[in-house]
Structures are given as C-alpha cells and as structure tokens.
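Novice: next come a sequence and a model predicted from it.
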Amino acid sequence: MTPVPHTIKKIIRETHDTFTLDLTPKDGSEPISFLPGQFNMLYAFGVGEIPISISGPAPGTRGMLHTIREVGTVTQALHKLKKGATVGLRGPFGSSWPIETSKGSDIVILAGGIGLAPLRPAIYNLLEQRDQFGNIALLYGTREPKDLLFTKEFEKWRGKLGVQTKITVDKAGSDWRGNVGVVTTSIPRVSFDPPHTIVMICGPEIMMRYSVIEMKRLGVSEDRIYITMERNMKCAVGFCGHCQFGPSFICKDGPVFRYDRIKHFFGIREI
Amino acid sequence: MKSLESILAAHPFFENLDPQYMALMTGCASNVRFEAGQFIHRQGEEANSFYIIRQGKVALEVCPPEKEPITVQTVSDGEILGWAWMVPPYHWQFDAQAIELTRAIVLDGRCLRTKCSEDHALGYELLSRLLPIIGQGMEATRMQLLDLYGTRG
Ligand SMILES: Cc1cc2nc3c(=O)[nH]c(=O)nc-3n(C[C@H](O)[C@H](O)[C@H](O)COP(=O)(O)OP(=O)(O)OC[C@H]3O[C@@H](n4cnc5c(N)ncnc54)[C@H](O)[C@@H]3O)c2cc1C
C-alpha cells in the first residue's frame, strides 16, 4: 500500500507541544471513512512514516484530523510543515473502540495526556447517540494545566447530556482552580454501575495499568475494559513483525484491545 | 436539615462504627464553612482537627522557598482532609486553602487523641480507618513521581 498524497488544510495549535493537522486527499476525493480508535500512517516526505490516531472529524466538518505531540524526528518534521503542504497517508488501520457493543451500558473513558486524541472520535460517536447509553463519565489527566488538550470542547461536554467530566493535573500553580491528583483519583468521584460499565482507557502504559487496577477493584470485569497499546510499527498490516506484542500484532489486532485478551502480556518488562 | 449524627453515620469513614463511639464522634464534631481563598491551616501549625468535606474544594499546597506555591492535591466532596492530628508530632505538612466556598464538618482531633489513648479499642478503630487514607495519599504521590503522562508508549 503506497501513501496517498494529502494536503494540510488547516493546522491547529493545541498546546505548547501538540498540534492538529486537518488533512484532505490532494486529488479532491472524499476523505476516507474510519472507525473511532483507528490510526493512519503519516509520511513526512524524505523523513519518515509514523502511526498517528485519527482524532476527528468533529461533527459537521469534513477533513480528517490528527493530533500530534512533538517528540522526535518525524513529529518535528510534521510540525514544520505549513498549511497547503503535502503529506503521505496510508490507512485507516487497526481495531476500534467498542461503541456498538457498549449500547445499554454505562461508559467510563479515562485519558492521559495525548491519549485523549484517539478517544475523541469515540466521544463524538457516543454523544451523537447519547440516549443509547447509561451514565457517561470522561476522566482526563495531564501533568500540568498547560498540557490539557481540547479544553473548550471539554467545557461543552461538561454537564451536557448528563456527561460527567473530571479533569485533573499532577501539579499546578495556585491560579489553577481545578482538581490536582493523578487521573485514578477521579474515578470515585463519578457515578457508574461497575457490573454494567464499559471502560475505555488511552494513555501511557503505566497510567493504564493503574486505571485497570482501580476499575477491577471497583468490580468492573476484565472483559469490559478496553485499552490501547502502542509499539513502534513499520508496515501497519501485520507483515513485518515490528509491533509484535505477545502473539498479537498491534497494527492489525490493536491498537484497541480488550484487557482480558492481552493481560498476560501487559506490564511485562521485556514485551 | 439533617443532624450532624446522621450525616456522620452516613459517611463511609464511620461505616459500622459502634454506636457508643459514634455518639462520641458527634460530640466532637461541628459544622464549619470556608470562603474561597481562605486558609484552613498552614504548614507547620499544630494539627488538632480533621475535616469531612461536604461540599467544595480544598487545595493542599507546598510553598518552596522563594517560589510560587504548588498545589499537590485537591480534596473535594465527601473526602477527608487531614490525618496529621493522629500522627506525632501533630503538625500540618501542607497549607490547606479552600479554592471554592467549602462546607465541612470539623472533628476535634485533640479531644479524639485523648479519648484514643484512654480507650485503645477506639484508637484501633480510628487508626484502621485513617490508614487507608494515608495509604491512598502515598500511592497517589508515588504515581505523581512516576510521571504517569510523561511518555505515551
Ligand atoms: C497505533 C499508534 C497510534 C498513535 N497515535 C498517536 C497520536 O495520535 N498522536 C501522537 O502524538 N502520537 C501517536 N503515536 C505515537 C507516535 O507514533 C510516535 O510519537 C512517533 O512515532 C514518534 O516519532 P518521531 O520520529 O517523532 O520520534 P523518534 O525520533 O522516533 O523518537 C524521538 C524520541 O521520542 C521518544 N518517543 C518515541 N515514540 C514516543 C511516544 N509514543 N511517546 C513519547 N515519546 C516517544 C523516543 O523514545 C525518542 O526519545 C501513536 C503510536 C501508535 C503505535
């Protein structure tokens, strides 16, 4: 599969180190359709190709959004591109968040840092069909207030349609009026019925590990918890073995996994 | 309006507490209210009380020398503020500042301390309820040190 040239329609600066690229096919065709949780391989020409989750479209918009945190060579190269520039795109790839099968359940979404981006399409999707779900809680944590993504949208989600939202940061100055503490401390502050709850978690592995422990302690069974796994990947179609995780390939069996299916490999040092 | 006793009895901290002890707790309790911006206690002061937050939010702050204060934890509705009243040398470790209008029930820690030294069964009851709170605080601090959000993969 060769990368399809896409034009950067818009660049949104989200935080000091994170930006969103809105991409449309260069040939004017419709943007590809995708499921919440899937990712694309974005190619910065001459530099390299990396997996980036799809973070939208927002309802009512057309383009395909990718929210990217600058960490190294390729993400920096993408950041330097200007509006109108071309990037290569292959995708969408991978598994998706279990929206259809969650109907009738309470939903708890836990996001850490940039982990909110791959969850945003799932949030849009849940809100579009709000009456199909019980309680919905969105719990989001970052290191400091300056790292918080999509804060304006959070305001809209808060309280709307009975969605419980909690934002918490690890530490803050005295001008911060919100919660301080790690994201797991927000869990007891929202209401949901553990045996009838689906949990979707995306963030650094260590944050997901503690979130799973807390959810299990409250009585959510392992087959109702979904997490995402990230490993370096190359081909994105289950060939090259770069992203092998136990018996699974993250690119094709993941990135979204049901916890009980990967728990034996999750948190093991060598994997 | 609910009585202090019924509010305390409904709080998980006092779940299944012997009625005789429950009456003693109520005797040591009273309602308090803090305006946004008001300090509840300051680091280093003697710790002689603890609070059950009914509504509002309190920031626990540390103040590094010559630097702006840093909030390390917030405590809100239904949560317990303060355990230093039970652990020598009975001094607060942090500044506690209400960041919203906060209503709470305050319990007289000095009075309870005396009662606990006279009645070790009561002391054991209270300590075994406080220890999980201290433990959770420690766990949360460890997680903050681990920097949960530092990298994604
Ligand atoms: C399925 C999947 C979906 C992803 N979705 C997103 C997304 O939506 N948004 C996003 O920003 N990123 C996402 N990532 C991570 C992204 O692919 C990496 O950040 C990117 O590959 C780093 O490439 P680089 O060339 O910029 O950094 P490199 O030059 O490869 O690395 C530079 C430095 O950054 C560190 N680094 C590498 N990867 C990460 C990482 N994942 N997190 C933190 N530090 C890292 C390296 O250890 C190194 O120190 C996703 C990854 C996967 C597997």
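Specialist: Arrived safely.
Novice: residues from chain A in reach of the ligand?
Specialist: Counting by CB under 6 Å from any ligand atom, the residues of chain A close to the ligand are A:39, A:48, A:50-53, A:67-69, A:71-75, A:114, A:117-118, A:230-231, A:233, A:255. Heads up, the C-betas are built off the backbone N, CA and C, glycines and all.
Novice: if we use 5 Å, what do you get?
Specialist: Residues of chain A that fall close to the ligand, judged by CB under 5 Å from any ligand atom: A:39, A:50-53, A:68-69, A:71-75, A:114, A:117, A:230, A:255.
Novice: my read: A:Q132 touches A:S105, true?
Specialist: No - between A:Q132 and A:S105 there is no contact under CB atoms under 8 Å: 9.5 Å.
Novice: of the two, which one has the most company?
Specialist: Taking other CB atoms under 10 Å in any protein chain shown, A:Q132 and A:S105 do not tie; A:S105 has more neighbours (21 against 13).
Novice: for chain B, what lies in contact range of chain A?
Specialist: With CB under 8 Å from any CB of the partner chain as the criterion, chain B meets chain A at residues B:57, B:59-61, B:68-74, B:76-77, B:97, B:99-100, B:140, B:143-144, B:146-153.
Novice: just name the lowest-scoring one in the residues of chain A next to the ligand, pLDDT-wise.
Specialist: Lowest pLDDT among these: A:E230, with 76.
Novice: hang on, that residue in a helix?
Specialist: No - checked against DSSP: H, G, I helix; E, B strand; the rest coil, A:E230 lies outside a helix; its state is coil.
Novice: run a quick neighbour tally on it.
Specialist: By the measure other CB under 10 Å, the count of residues near A:E230 is 21.
Novice: kindly report the same for B:L148.
Specialist: What B:L148 shows, counting by other CB under 10 Å, is a neighbour count of 26.
Novice: so it: helix, strand or coil?
Specialist: Here B:L148 is recorded as coil under three-state DSSP.
Novice: the residue of the stretch 51-200 of chain A at minimum distance from chain B - nearest residue in space that isn't next to it in sequence?
Specialist: Residue of the stretch 51-200 of chain A nearest chain B, by CB to the nearest CB: A:G113 (3.8 Å). Spatial nearest neighbour of A:G113, chain neighbours left out: B:Y149 (3.8 Å); criterion: CB to CB, 6 or more residues apart in numbering or on different chains.
Novice: residues in contact with B:G109?
Specialist: Neighbour list for B:G109: B:A47, B:N48, B:S49, B:F50, B:G82, B:W85, B:M86, B:Y90 [criterion: CB atoms under 8 Å, 6 or more residues apart in numbering or on different chains].
Novice: take those and keep only those in strands.
Specialist: In strands, defined here by DSSP state E, the members of the contacts of B:G109 are B:S49, B:F50.
Novice: buried subset of the contacts of B:G109?
Specialist: Those of the contacts of B:G109 that meet the buried threshold are B:A47, B:N48, B:S49, B:F50, B:G82, B:W85, B:M86, by 16 or more other CB atoms under 10 Å in any protein chain shown.
Novice: closest one of the residues you listed to the ligand?
Specialist: Taking CB to the nearest ligand atom as the measure, the ligand lies nearest B:G82 of the buried ones among the contacts of B:G109, at 37.7 Å.
Novice: just the pLDDT at that closest one, thanks.
Specialist: Note for B:G82: predicted pLDDT of 92.
Novice: quick one: which of the buried ones among the contacts of B:G109 is nearest to A:H16?
Specialist: Nearest to A:H16 among the buried ones among the contacts of B:G109 is B:G82, at 35.6 Å by CB to CB.
Novice: just checking, the closest one touches B:H91?
Specialist: No - counting by CB under 8 Å, B:G82 stays clear of B:H91, with 11.3 Å between them.
Novice: could the buried ones among the contacts of B:G109 go into TSV alongside distance to the ligand?
Specialist: Formatted as TSV, these follow (distance: CB to the nearest ligand atom, whole Å):
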residue	distance to the ligand
B:A47	41
B:N48	46
B:S49	44
B:F50	41
B:G82	38
B:W85	43
B:M86	42
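Novice: relative to A:E155, which of those residues is nearest.
Specialist: Proximity of those to A:E155 (CB to CB) peaks at B:G82, which lies at 32.3 Å.
Novice: what sits in contact with each of B:G82 and B:H91?
Specialist: Common neighbours of B:G82 and B:H91 (CB under 8 Å, 6+ apart) are B:A47.
Novice: so A:I167 is in which element?
Specialist: For A:I167, the element it lies in under DSSP states H and E is strand A:163-169.
Novice: okay, that strand in CSV with CA atoms only?
Specialist: Included here for strand A:163-169 are C-alpha records, laid out as CSV according to Å, rounded to 0.1, in the frame of the first residue of the first chain:
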residue,chain,number,x,y,z
VAL,A,163,-22.0,13.7,30.8
GLN,A,164,-19.8,13.7,33.9
THR,A,165,-16.4,15.2,33.3
LYS,A,166,-13.4,15.4,35.6
ILE,A,167,-10.1,17.0,34.7
THR,A,168,-7.1,16.6,36.9
VAL,A,169,-3.4,17.5,36.7
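Novice: mean confidence for it?
Specialist: Mean predicted confidence for strand A:163-169 is 94.
Novice: give me the distance between the closest residue to the ligand within the stretch 101-250 of chain A and chain B.
Specialist: The stretch 101-250 of chain A approaches the ligand most closely through A:E230 (3.7 Å), counting by CB to the nearest ligand atom. From A:E230 across to chain B, the span is 4 Å (CB to the nearest CB, to the nearest Å).
Novice: which residue is the nearest non-sequential neighbour of A:F45?
Specialist: A:G88 (6.6 Å).
Novice: quick check, the one you found in contact with A:T7.
Specialist: No - using CB under 8 Å, A:G88 makes no contact with A:T7, being 11.4 Å away.
Novice: residues near A:D260, how many?
Specialist: 12.
Novice: can you classify it by secondary structure?
Specialist: The three-state assignment at A:D260 reads helix, by three-state DSSP.
Novice: can I get the buried ones among the contacts of B:G109 in a markdown table with distance to A:H242?
Specialist: Listed next are these as a markdown table, based on distance: CB to CB, whole Å:
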| residue | distance to A:H242 |
| --- | --- |
| B:A47 | 55 |
| B:N48 | 60 |
| B:S49 | 58 |
| B:F50 | 54 |
| B:G82 | 51 |
| B:W85 | 56 |
| B:M86 | 54 |
